[in-house]
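Engineer: model the following, please.
(chains A and B, ligands or ions: 4)
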Number of protein chains: 2
Amino acid sequence: ASVEEEASEVYGAKSIYMVSDGTGWTAEHSVNAALGQFDHCLVDRVCPVNTHLFSGIDDSERLVKIINQAAKEGAMLVYTLADPSLAESAQQACRIWGIPSTDILGPITEAIGSHLGVSPSGLPRGAPGRSSHLSEEYFRRIEAIEFTIKQDDGALPENLHKADVILAGVSRTGKTPLSTYLAHKGYKVANVPLVMGVPVPKTLFEIDPEKVFGLTINPAILQTIRRARAKSLGFSEEIRSNYSEMDYVREELEFARRIFAKNPSWPVIEVTGKAIEETAAVILRLYHDRKNKCSMPRISKRY
Amino acid sequence: ASVEEEASEVYGAKSIYMVSDGTGWTAEHSVNAALGQFDHCLVDRVCPVNTHLFSGIDDSERLVKIINQAAKEGAMLVYTLADPSLAESAQQACRIWGIPSTDILGPITEAIGSHLGVSPSGLPRGAPGRSSHLSEEYFRRIEAIEFTIKQDDGALPENLHKADVILAGVSRTGKTPLSTYLAHKGYKVANVPLVMGVPVPKTLFEIDPEKVFGLTINPAILQTIRRARAKSLGFSEEIRSNYSEMDYVREELEFARRIFAKNPSWPVIEVTGKAIEETAAVILRLYHDRKNKCSMPRISKRY
Ligand SMILES: Nc1ncnc2c1ncn2[C@@H]1O[C@H](COP(=O)(O)O)[C@@H](O)[C@H]1O
Ligand SMILES: Nc1ncnc2c1ncn2[C@@H]1O[C@H](COP(=O)(O)O)[C@@H](O)[C@H]1O
Ligand SMILES: [Mg+2]
Ligand SMILES: [Mg+2]
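Structural biologist: Numbering: from 1, shown residues only, chains lettered A, B, ... in the order given. Ligands and ions are numbered 1, 2, ... in the order given. The predicted structure is shown next:
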């Protein structure tokens, strides 16, 4: 769990500097995954860590200045630099100033290069002369995002058949964030709320059931989430009690369970304790599995 | 540019297997960045590549089966496995079968571990006993996503002051995908379309100008994008010609430019040729820069 740094340094916190000639998201993603391995220590800030992301660094002046600052702070450096001479500069400066450093891009690029028998370009993303982003994938992704937003919260049920993935679940099972997450991966997603006493759109039962996924969650956790939401939305006491009252929560989950039981080909996914990207991974694994009927479930792409 | 694999293997394509005990997104992200270094060869599939992502692999039986399959296919392996004994198994199996392999998680985890003076847990994400996702960050992210969806396309201008970031630009400058991308990073985003002949909401000029970003784009590229959109939306010839006619496109960009000129504290960001995540990186760099008035622009977080 990270929080944007508002104030100044916390005493004793260790720093991680991340430098990229691109966006920095690759370095950040890897550091985030690795920091997950220190959750036992990060909790309650027993071993506080500050990360600092420097993006768009494609000249050695700024690079060296940042590394110099890292040295002063006793930070470590994580970098992704496509230009081999810049990556070499980073490594050398870190050696000279005694900073631990990790190259995120170099090793994997080298391995892929030998595997393909092709030399890497050494050109950072966004370098002049690189192909622009107006690819088929670009348009597909944008279309998916716009479709998904329009379909949020049960809107336009007549369009359900146009979706790649349809998510059904009671309020606060994470349908909306899951939908936009999957949309950014290029999938057109529609989500359909299951609300006790409100008829479910008929189209949900008329479309290809292979595309539908049910979401379920532990009732106690759901109640906690709903209480937080009711408070933040400023629901009146009366509505709130109904929405997040334990009996009501249980009954509504049972209402959803009966719908799922009547549609046994929909996988029902347990979201309790899962981050958005974790549930998304489960959904996409099943989605591709169903489409490809592979002996080993996988998500395949071609480049 | 990747395309989901529909059919079977392309003759001569090289395979990259990615295995994770978690979602696989970290491995995929790193491989994607590295593949960017081979764009010159991937274009037109001169050196075709297929990637295969195996997520949730946390036992050695499935791991070894996958590596065996990779060996048969002449693939290489990229892995993120938190359990050191499983990572060791992967390395050994690859050595035995002569498969090139790259460990994405191990090196960065080890480096961070020494830097912090703490041993990694060795527990994959989602392992029992790990903390659940109901963190402050989780709620903040969900709130940001829901806020952002409600504010799409100029909706609810009375809420602009509640946003962290406000994006203003003509149609097809990527406001919507940028907004949801930033929302997934925890920022509340509102986007305001600038349409010639339509009054801009007054609130845009009343809120903190430090939060507003203008988007601009090359007119010829914008015309191409608009033509594609007009076609996909099935606009009638008449509307379409207005929307994507060069004179109109230029005039509308000029209309936006004048608004930006009257608000000189809004940075104007050129989106031509940039991927969503690239523009997002530029916006967030400026956003944090303005907030922190740092000598070295950076995005800082604490853990
Ligand atoms: N499409 C791409 N083409 C070339 N290089 C890329 C591409 N995407 C990412 N990279 C490189 O991979 C590293 C990580 O990128 P980023 O996640 O943007 O920081 C940087 O060194 C980028 O220059
Ligand atoms: N929050 C976390 N806690 C522990 N391990 C994590 C966390 N996030 C990612 N990892 C590990 O980092 C690697 C990459 O994760 P993923 O991107 O989900 O494939 C996997 O080995 C995960 O088990
Ligand atoms: Mg919702
Ligand atoms: Mg839009």
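Engineer: quick check: buried residues in stretch A:67-84?
Structural biologist: The neighbour-count check on stretch A:67-84 (16 or more other C-beta atoms under 10 Å in any protein chain shown) flags A:67, A:69-71, A:73, A:75-83 as buried. Any C-beta I mention is one placed from the backbone N, CA and C, and that applies to glycine too.
Engineer: tabulate those residues (JSON lines), appending distance to chain B, secondary structure and pLDDT.
Structural biologist: Shown next, in JSON lines, are the buried residues of stretch A:67-84 (distance: C-beta to the nearest C-beta, whole Å; DSSP: H, G, I helix; E, B strand; the rest coil; pLDDT from 0 to 100):
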{"residue": "A:Ile67", "distance to chain B": "11", "secondary structure": "helix", "pLDDT": "98"}
{"residue": "A:Gln69", "distance to chain B": "6", "secondary structure": "helix", "pLDDT": "97"}
{"residue": "A:Ala70", "distance to chain B": "10", "secondary structure": "helix", "pLDDT": "97"}
{"residue": "A:Ala71", "distance to chain B": "13", "secondary structure": "helix", "pLDDT": "98"}
{"residue": "A:Glu73", "distance to chain B": "11", "secondary structure": "helix", "pLDDT": "96"}
{"residue": "A:Ala75", "distance to chain B": "8", "secondary structure": "coil", "pLDDT": "98"}
{"residue": "A:Met76", "distance to chain B": "4", "secondary structure": "strand", "pLDDT": "98"}
{"residue": "A:Leu77", "distance to chain B": "9", "secondary structure": "strand", "pLDDT": "98"}
{"residue": "A:Val78", "distance to chain B": "7", "secondary structure": "strand", "pLDDT": "98"}
{"residue": "A:Tyr79", "distance to chain B": "11", "secondary structure": "strand", "pLDDT": "98"}
{"residue": "A:Thr80", "distance to chain B": "7", "secondary structure": "strand", "pLDDT": "98"}
{"residue": "A:Leu81", "distance to chain B": "11", "secondary structure": "coil", "pLDDT": "98"}
{"residue": "A:Ala82", "distance to chain B": "6", "secondary structure": "coil", "pLDDT": "98"}
{"residue": "A:Asp83", "distance to chain B": "11", "secondary structure": "coil", "pLDDT": "98"}
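Engineer: got the confidence number for the residue of the stretch 1-150 of chain A found nearest ligand 2?
Structural biologist: Residue nearest to ligand 2 within the stretch 1-150 of chain A: A:Gly36 (2.2 Å; C-beta to the nearest ligand atom). pLDDT, A:Gly36: 96.
Engineer: for it, give its distance to A:Gly74.
Structural biologist: Distance of A:Gly36 to A:Gly74, computed by C-beta to C-beta, to the nearest Å: 23 Å.
Engineer: the residue lying closest to the residue of the stretch 1-150 of chain A closest to ligand 2 once chain neighbours are set aside: neighbouring residues, count only.
Structural biologist: Once flanking residues are discounted, A:Gly36 sits nearest to B:Arg125: 5.6 Å by C-beta to C-beta, 6 or more residues apart in numbering or on different chains. B:Arg125 has 21 neighbours, counted by other C-beta atoms under 10 Å in any protein chain shown.
Engineer: now do the helices in chain A.
Structural biologist: For chain A, the helices defined by DSSP state H cover A:25-35, A:39-42, A:60-73, A:84-96, A:105-116, A:136-150, A:175-184, A:203-206, A:219-233, A:237-244, A:246-262, A:276-292.
Engineer: thanks a lot, catch you later.
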